[in-house]
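Colleague: Here is a sequence together with a model predicted from it:
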Protein chains: 2
Amino acid sequence: MKLKPMYFEDFSVGMTFETDGTLISKDEIIDFASKYDPQTFHLDEEEAKKGPFGQLTSSGFMTLGKSFTQIFKTDIFNGTGMGAWGLDELRWTKPVYPGDVLKTKVEVLETKKSSKNPTKGTVRLKQTVTNQNDDIVMTWISNSMLKTKQDK
Amino acid sequence: MKLKPMYFEDFSVGMTFETDGTLISKDEIIDFASKYDPQTFHLDEEEAKKGPFGQLTSSGFMTLGKSFTQIFKTDIFNGTGMGAWGLDELRWTKPVYPGDVLKTKVEVLETKKSSKNPTKGTVRLKQTVTNQNDDIVMTWISNSMLKTKQDK
């Protein structure tokens, strides 16, 4: 789903939107793990059988990057996003397996204009990531900097 | 620096350790961004000049994965780590540029045995990531599950 790029002022508390779904493949799980999370249960199918999840699972850091990318690809921050200064309360609530299809629902928790710089403001967002069975696999809160319309 | 793998009981509040340094390359920044954080200031050197940092910077999600991998490669969780259930208060305090060398200092904030399962416990860790100038570029708190010695 494509959205219009939004400036700081376009966000209001309680607003929600949802991304398209993305398939998580075994090859991508292993490739990501080899570089950014080389725990055996993310890296090696055989070893993962003996691990805490009994099978290969996605690195939670990869699930996070996939979720962010889903949001970014809606275009909502396209040209208006200035990066994020932090995350809060990220929870990995269920494992993500090869073949899962994940999507992200976003809710605006708070908006706060910068007191120092009128050209930007923070939008605090809660992300809820679900799989094809509607199980919640991850939740995370981000504090994103957006341009204000003064910077159009 | 290699450490001995540690079980839940081996961690105590206030304990610290530090990882080796890792070079962040331009190619890796761009490759990561293309898959997990396609904001122009992480993806395209020319476009990044017009962006919020005036030059190409690492995705904060990549910095996070690099930092975790540094810790994992000390071997401290090797065979004893059971994944993490969450992160708290992640802050990106300064940009990370191509050519930066990052290392991670880890401090044990809290340890809590599982009330349900005597074979595991949570270790809450604060990570401080610095660059070659000793600037803090990121801090993050993780809640990691570790095996207890009962599961040896």
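Modeller: The structure has been received and is ready for your questions.
Colleague: Kindly list the main-chain dihedrals of residue A:43?
Modeller: Dihedral angles of residue A:43 (phi, psi; degrees, to the nearest 10) stand at phi -110, psi -30.
Colleague: That one: how many residues sit nearby?
Modeller: When neighbours are counted by other Cβ atoms under 10 Å in any protein chain shown, residue A:43 registers 19. C-betas here are computed from N, CA, C, even on glycine.
Colleague: Residue A:104 now?
Modeller: Count around residue A:104 with other Cβ under 10 Å applied: 25.
Colleague: Do I have it right that it meets residue A:71?
Modeller: Yes: with contacts counted by Cβ atoms under 8 Å, residue A:104 reaches residue A:71, the gap being 5.9 Å.
Colleague: Next to chain B, which bits of chain A? Give me the list.
Modeller: Within chain A, the positions near chain B by Cβ under 8 Å from any Cβ of the partner chain are A:32, A:35-39, A:41, A:51-53, A:57, A:59-62, A:64-66, A:68-69, A:72-73, A:77, A:81-92, A:145.
Colleague: So what touches the helix ranked longest in chain A?
Modeller: Secondary structure of chain A read by DSSP state H shows that its longest helix is helix A:60-72. The contact list for helix A:60-72 (Cβ atoms under 8 Å, 6 or more residues apart in numbering or on different chains) reads A:19-20, A:22, A:24, A:28-29, A:32-33, A:36-37, A:42, A:77-78, A:81, A:90, A:92, A:96, A:102-104, A:106, A:127, A:129, A:137-138, A:140, A:142, B:32, B:35-39, B:59, B:61, B:64-65, B:68, B:83-84.
Colleague: Can you tell me which of these are buried?
Modeller: Neighbour-count burial (16 or more other Cβ atoms under 10 Å in any protein chain shown) applied to the contacts of helix A:60-72 gives A:19, A:22, A:24, A:28-29, A:32-33, A:36-37, A:42, A:77-78, A:81, A:90, A:92, A:96, A:102-104, A:106, A:127, A:129, A:137-138, A:140, A:142, B:32, B:35-39, B:59, B:61, B:64-65, B:68, B:83-84.
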